[in-house]
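J.: Quick one, what's the 3D model for this:
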Amino acid sequence: MRTILEYLGTDHRACDDLFASAEEAAGHEDWNRGREMFGKFQAAMARHLAMEEDVLFPAFEERTGMRAGPTQVMRMEHAQMRELIDAMAQAVDAGDAERFLGLSETLNVLMQQHNLKEENMLYPMSDRTLGEERERVLDAMDACQAPGAA
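T.: Have a look, this model is predicted:
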């Protein structure tokens, strides 16, 4: 039986790997690879955030009645991540390694703290709370696409 913790935890690691590849390329000022890997990271993060915000969070909130709890905090952190990712995209486009790497350090800390909260609190709570609905939620996340994806 699949779990939300396993499914989204694995997705966290996939996003982290793409992020590390983009960061490494930018550190070497290999902007062709940097743009490619950052684009893949951006798309993966957009999809991940959509899976949570469009599928998991509403299902969790509906089941628990908690709309001002952990999902609200996660949405606020998602907004912070999006701002950093947008600024990093500008740095990649400009070939500005110093700016990119400074922003990436901030994003990395934010993502790691955020992922720990989700993996240690929200995802296990979701697995317990959603019960029989969990498989439907996982299927809906499977079908989720990043905003703007064709």
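J.: Tell me the secondary structure at E29.
T.: Three-state call for E29 (DSSP: H, G, I helix; E, B strand; the rest coil): coil.
J.: what comes up buried for the strand or helix carrying R136?
T.: Per DSSP states H and E, R136 falls inside helix 134-143. Going by neighbour count (16 or more other Cβ atoms under 10 Å), the buried part of helix 134-143 is R134, V137, L138, A140, M141. Any C-beta I mention is one placed from the backbone N, CA and C, and that applies to glycine too.
J.: Report how many residues lie close to the nearest residue to the fourth one once chain neighbours are set aside.
T.: Setting aside the residues directly before and after it, A140 is nearest to V55 in space (Cβ to Cβ, 6 or more residues apart in numbering), at 4.6 Å. V55 has 19 neighbouring residues, counting by other Cβ atoms under 10 Å.
J.: which residues does V55 contact?
T.: V137, A140, M141, C144 (Cβ atoms under 8 Å, 6 or more residues apart in numbering).
J.: before we move on, what about P124?
T.: Per Cβ under 8 Å, 6+ apart, neighbours of P124: L5.
J.: in this structure, what spans have low per-residue confidence?
T.: 148-150 (pLDDT under 70).
J.: Please enumerate the helices of this protein.
T.: Here the chain has its helices, by DSSP state H, at 4-27, 31-50, 57-64, 70-94, 97-117, 123-130, 134-143.
J.: Serialize the buried residues of helix 134-143 to TSV and add fields for distance to G39.
T.: Output for those, formatted as TSV (distance: Cβ to Cβ, whole Å):
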residue	distance to G39
R134	32
V137	28
L138	27
A140	25
M141	22
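J.: Of those residues, which is the nearest to A20?
T.: Closest approach between the buried residues of helix 134-143 and A20, by Cβ to Cβ: M141, at 23.5 Å.
J.: Surely that closest one touches T3?
T.: No: the criterion here is Cβ atoms under 8 Å, and M141 misses it with T3 at 12.0 Å.
J.: gap between the two ends of stretch 85-102?
T.: 12 Å (Cα to Cα, to the nearest Å).
J.: And for the residue nearest to A50 when sequence neighbours are not counted, the neighbour number?
T.: In space, and not counting its chain neighbours, A50 is closest to C144: 5.3 Å by Cβ to Cβ, 6+ apart. Around C144 there are 19 other residues, counting by other Cβ under 10 Å.
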